[in-house]
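Q: Quick check, what structure comes out for this input:
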Amino acid sequence: MSIGISDEQVELADSLRKWAASLAPLEAVRAAEGDAAADFAPIWAAAAEMGVTAIAVPESTGGGGGTVLDQAVALEACAHELVPGGLLGAAIGSILTKRPGRYGVQVRPGGVVWDGGGAAETLLLDGVAATAPADLLVEIGLDLSARHARVRTPDTQGTEGTECTAGPVGAEDRDDPADPRRRLLAVTLAAAEAAGVARWCLETAVDYAKVREQFGQRIGSFQAIKHLCAQMLETAESVTAAAWDAAVAADAGDTEQWAFAADVAQSTCFDGAVEVAKSCIQVLGGIGFTYEHDAHLYLRRALSLRALVGASDAVAERLVAAAVAGVRRRVDVDLGGRDEPIRPEVRATAERIAALPGPDRRAALVEAGYLAPHWPAPYGLGADPTTQIVIDQELGRAGVERPDLVIAGWAVPTLLAHGTDDQRERFVRPSLLGELTWCQLFSEPGAGSDLAALRTRATRVDGGWSLTGQKVWTSVAERADWGICLARTDPDVPQHKGITYFLVDMRSPGIEVRPLREITGEALFNEVFLDDVFVPDACVVAAPGDGWRLARTTLANERVAMASARLTKSVERAVELASTRELGAVDRVEVGRQVALATVCALLGVRTTLRALGGRSPGAESSVAKLLGVRSRQDAAELVVRLQGDALAVVGRLGKEADDALAADVWEQLNTRCLSIAGGTTQILRNVAAERILGLPR
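A: Reported below is the predicted structural model:
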């Protein structure tokens, strides 16, 4: 997925990638090998004619009048093709001065002049918008597609350099040396290039894994390669989301929010791009290590970008300081005025519900269709994404919290899509009102993630079915009224086809529920034994043998969550510890990295919401969010405990609601270990992502 989400930005990215490829940029890079003075003039001329680096410059001064996000989309597309010629420096300089041009930019005082080599027409040097003639030392750096430079100093006077003269810039257009925009803009646009590099590396590795054969099979069918590519996908999507958000924040005009978003991007994008580039070479194997393959050119660009923006440790410490001061990323969803016709009525309904006593609110939410507005009438509103977001916003503003449907949120959509009228009448409204509690009888001791291998059998009896078998890891089975259960009704057909979806009354004779004590010491899960349990035909959903299809059911009108970039519970706890304890630099860096990761996870959800609002189906973000979210919660929970030192060894009785804060923290650390197992293990989900999103062979 591109940085851009809107149709216009997606089209811009597609057209610029095609245009950039037509310039044969990699051939130009290789042809200039060893030439420090190479200016890539033909490519720069084509870029200047297209206005690629002046997209965010006002039209009144010769630019495109677009946004920083538009410019980021363009740079990402060009970096995907590794276009040389100093586009990054030119884009930064053009935005800062509000005038199109070919710029060399010194981002850090005394540091390297980004794209200052070759034929940069204007220099923006240390604290000055435009300089008098400056003597630059230009050398070929690690990135063969760029020509960066250093300002000649007394200790470099004897070294041959290239002189570059500054062009005229009006005083009114000069950027203030105290203005943080230079660094923030540089990080924002460099992050966009990192996203383009990461995307090319991911695509190249996946394409190779689909065709390269070893041991008589395409290497993409090997689980090790699947997992490596899936991890590349996770990282590339993180880089894309963080780069997108930095550009969005740049356009919003709030410097504090932009600084936070840019720090998240700097903490995420450059290390991420380097890791994806290295993994690309790993997937390619020996061919990727050759000079003839293009992969090393992308690794060089990624390493160079990381060096230019600086180490991420200091950035992580800035994120901690900002988080301790109360800064959190706020992402506003622009509904484009589509909310205006419906908001007054939604607000009035939300306020009416808020005025009711607490116990009466749930029934009012159900009556209004606001508890599950995405469900079809009469149980919901069949609400489109915009309406769902407005309802979320107005309920939140009124202080109305919707109860969690838990397993009913899975069972009821299946009944709405595939159940009979009698089943819907019997189960849907009572489930919404909380009169019925559901559990899920899917997993078995020998069939966890491999659900098709389940062994619970259902045999035909007079008026229904008799179920016998064992289920495991079943939450709330001890108090559930009903369970959704998969059982094998035909052992003679392929595994996926002989399964039927049942509704089981948990008070039926023959059901035994045994609590399972977990590593926390508590019993949240259960084993459920079914011994000749009768289920009437009226409690079969759809037809016998349809169970596998139904288990994977989601309604076409899926729930769209309100966009948010809040930190998770454990990350907030880590920030609290950073504010109340004297942590060392290493620990503060770790807290900062967790702030960045949690923010990125939330941003993936925001991007999914925006896609839904634009009428598009979810991208890879929705799958990646689960994988990254698990890592974030587990790592943050573990960090919280580690920050408290050896007190862990004498912690008191554990419990989710323990009075002792450390005991609650330890409980959270232990409990989060289930997240990479429940709902499909991380390893299985990576297989699924590799096959269904990246298209790798089974």
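
Q: Could you give the bridge partners of residue 459?
A: With beta bridges defined as DSSP bridges, residue 459 has these partners: residue 466.

Q: Start at 620, not 1
A: That works, and once the first residue is 620, the last one we named lands at residue 1078.

Q: Just give me the residue closest to the centre of the protein.
A: Centre of the chain computed as the mean C-alpha position; nearest residue by C-alpha atoms, centre = their mean is residue 1223, 3.1 Å away.

Q: Make sure that residue is actually in contact with residue 1243.
A: Yes: using C-beta atoms under 8 Å, residue 1223 and residue 1243 qualify as a contacting pair, with a distance of 6.0 Å. Yep, even glycine has a C-beta here, placed from its N, CA and C like the rest.

Q: Identify the contacts common to these two.
A: With contacts taken as C-beta atoms under 8 Å, 6 or more residues apart in numbering, the residues that reach both residue 1223 and residue 1243 are 856, 857.

Q: In terms of pLDDT, where does the residue of the chain positioned farthest from its centre sit?
A: The outermost residue of the chain relative to its centre, with distances by C-alpha atoms, centre = their mean, is residue 1081 at 51.2 Å. With respect to pLDDT, residue 1081 has a value of 96.

Q: what's the answer for the one 10 residues further on, then?
A: Listed pLDDT for residue 1091 reads 92.

Q: For the residue farthest from the centre of the chain, what are phi and psi?
A: In this entry, residue 1081 is assigned phi and psi values of phi -60, psi 120 (degrees, to the nearest 10).

Q: For it, give its distance to residue 755.
A: Shown here: residue 1081 relative to residue 755, a distance of 91 Å by C-beta to C-beta, to the nearest Å.

Q: So in that sheet, which strands flank the longest strand anywhere in the chain, and in what orientation?
A: In the chain, assigned by DSSP state E, the strand with the most residues is strand 1144-1155. Sheet partners assigned to strand 1144-1155 using DSSP bridges are listed as strand 1083-1090 (antiparallel), strand 1130-1135 (antiparallel).

Q: List the contacts of that strand.
A: The contact list for strand 1144-1155, computed with C-beta under 8 Å, 6+ apart, reads 1058, 1060, 1075, 1077, 1080, 1082-1094, 1096-1097, 1102, 1104, 1121-1124, 1127-1135, 1137.

Q: buried stuff in it?
A: When burial is assessed from 16 or more other C-beta atoms under 10 Å, strand 1144-1155 yields the following buried residues: 1144, 1145, 1146, 1147, 1148, 1149, 1152, 1153, 1154.

Q: The third one and residue 1064: what is the separation?
A: Spelled out, it's residue 1146. The gap separating residue 1146 from residue 1064 is 8 Å, by C-beta to C-beta.

Q: shared neighbours of those two, anything?
A: Counting by C-beta under 8 Å, 6+ apart, the contacts common to residue 1146 and residue 1064 are 1089, 1091.

Q: just to revisit the earlier point, identify the farthest-apart pair in the buried residues of strand 1144-1155.
A: By the measure C-beta to C-beta, 1144 and 1153 form the most distant pair in the buried residues of strand 1144-1155, at 25.4 Å.

Q: Just the buried positions in stretch 903-919, please.
A: 903, 907, 912, 913, 914, 915, 916, 917, 918, 919.

Q: ah, wrong one, I meant stretch 949-958
A: Counting neighbours by 16+ other C-beta under 10 Å, stretch 949-958 gives 950, 952, 954, 957, 958 as buried.

Q: Okay, now that stretch: how far is its last residue from its first?
A: Using C-alpha to C-alpha, to the nearest Å, one end of stretch 949-958 lies 20 Å from the other.

Q: Off-centre distance for it?
A: Averaged C-alpha coordinates place stretch 949-958 at 20 Å from its chain's average position (C-alpha atoms, centre = their mean, to the nearest Å).

Q: model confidence over that stretch, on average?
A: The model assigns stretch 949-958 a mean pLDDT of 82.

Q: Ok, stretch 985-992 next?
A: Across stretch 985-992, pLDDT averages out at 95.
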